[in-house]
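1. below: sequence and its predicted model.
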Amino acid sequence: MMIPFERYDAEFLSLSEQVKSKITKLCSGTTDTDIKYTQGLLSQCDDLLKQMQVEARSVEASSTKNELLQKVRVCKAQLANLRDDFQSAKSNAERESLLLGDNDNDTTRKSSQHRERLIQTNDQISKQNETLERARRVMAETEDVAMEITSELDRNREKIASSHQRVRDVSGLTNQARRIVQSMSKREVQQKLLMYLVAALLVVAVIVILYAMGS
């Protein structure tokens, strides 16, 4: 299980470096192609994190599993920071693009107000996106905690089932021992009855012999 996880981890680091490079490029100017490409890289990072989480949870050793899950959480935090940096760089680049406008034409008050409204709208959308991203991260962290609790409950359920099986085994041995003791008790009673019967027969035989000798 370790080999796929390490491969996913290496791919995540490589994609993270590409995202950082694209964000730096966005700070000096942006195009729709750069934005879409960067969004695609972030989406690939998110997919890799999901695969890493699956691989980490499939590890049986508790200490190794916790170590890998901790690494996944660190990578998630890094990805969240990259998303924030991307949104910030994207907003700044779009703001600069709107403010520059068309240098070849005279700008009017109306067009300036229109651009300002567009900038405000863009800022509001960016803030909403950041809020949604934070909510998504909280949901992902909540899901992680729920999965860990579920795993712990499964382990406890297995321990309880094992304990119940041991109790049933001990109970079975106890019942078997009880039957053996009862069987031994019955044989002891039978032997005593047989001894009493033999003794009675011997007494009767002695009486008969004595009676015959007296006659």
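-> That came in fine, so what should we check first? Given the structure is predicted, the values throughout are model-derived calculations rather than measurements. Numbers count the residues shown, from 1 in each chain.

2. buried residues in the helix or strand where K90 lies?
-> In this structure, K90 sits in helix 62-100 according to DSSP states H and E. Under the neighbour-count criterion of 16 or more other C-beta atoms under 10 Å, helix 62-100 has 65, 68-69, 72-73, 75-76, 78-79, 82-83, 85-87, 89-91, 93-95 buried. Where you see a C-beta, it was placed from the backbone N, CA and C, and this is true even at glycine.

3. hey, which helix or strand in the protein has the poorest pLDDT?
-> helix 109-214 (a mean of 73; mean pLDDT, DSSP states H and E).

4. tell me who's in contact with the residue lying closest to K20 once chain neighbours are set aside.
-> Taking C-beta to C-beta, 6 or more residues apart in numbering as the measure, K20 lies nearest to L82, with 7.1 Å between them; neighbours along the chain are not counted. L82 is in contact with 16, 19-20, 23, 42, 45, counting by C-beta atoms under 8 Å, 6 or more residues apart in numbering.

5. of the residues you listed, closest to S58?
-> For the contacts of L82, the closest approach to S58 (C-beta to C-beta) belongs to C45, at 20.7 Å.

6. so what's the closest one scoring on pLDDT?
-> If you check C45, the pLDDT there is 92.

7. my guess is it meets V19, correct?
-> Yes: between C45 and V19 there is a contact at 7.0 Å, judged by C-beta atoms under 8 Å.

8. so what touches stretch 167-175?
-> Contacts of stretch 167-175 from elsewhere in the structure, counted by C-beta under 8 Å, 6+ apart, are absent.

9. mind saving the C-alpha coords of it as PDB?
-> Extracted C-alpha coordinates of stretch 167-175, given in PDB (Å, rounded to 0.1, in the frame of the first residue of the first chain):
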ATOM      1  CA  VAL A 167     -17.000 -16.000  26.300                       C
ATOM      2  CA  ARG A 168     -19.000 -18.500  24.200                       C
ATOM      3  CA  ASP A 169     -15.900 -20.800  24.000                       C
ATOM      4  CA  VAL A 170     -15.500 -20.600  27.800                       C
ATOM      5  CA  SER A 171     -19.200 -21.200  28.300                       C
ATOM      6  CA  GLY A 172     -19.000 -24.200  26.000                       C
ATOM      7  CA  LEU A 173     -16.100 -25.600  28.000                       C
ATOM      8  CA  THR A 174     -18.000 -25.000  31.200                       C
ATOM      9  CA  ASN A 175     -21.000 -26.900  29.900                       C
END
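
10. and that stretch, how far out from the chain middle?
-> The offset between the C-alpha centroid of stretch 167-175 and the centroid of the whole chain comes to 36 Å, using C-alpha atoms, centre = their mean, to the nearest Å.

11. could you check how many residues crowd around K22?
-> The number of residues packed around K22, counting by other C-beta atoms under 10 Å, is 22.

12. touching, it and Y37? I think so.
-> Yes: counting by C-beta under 8 Å, K22 touches Y37, with 6.6 Å between them.

13. ramachandran coordinates for S58?
-> Backbone dihedrals for S58, given as degrees, to the nearest 10, come out at phi -80, psi -10.
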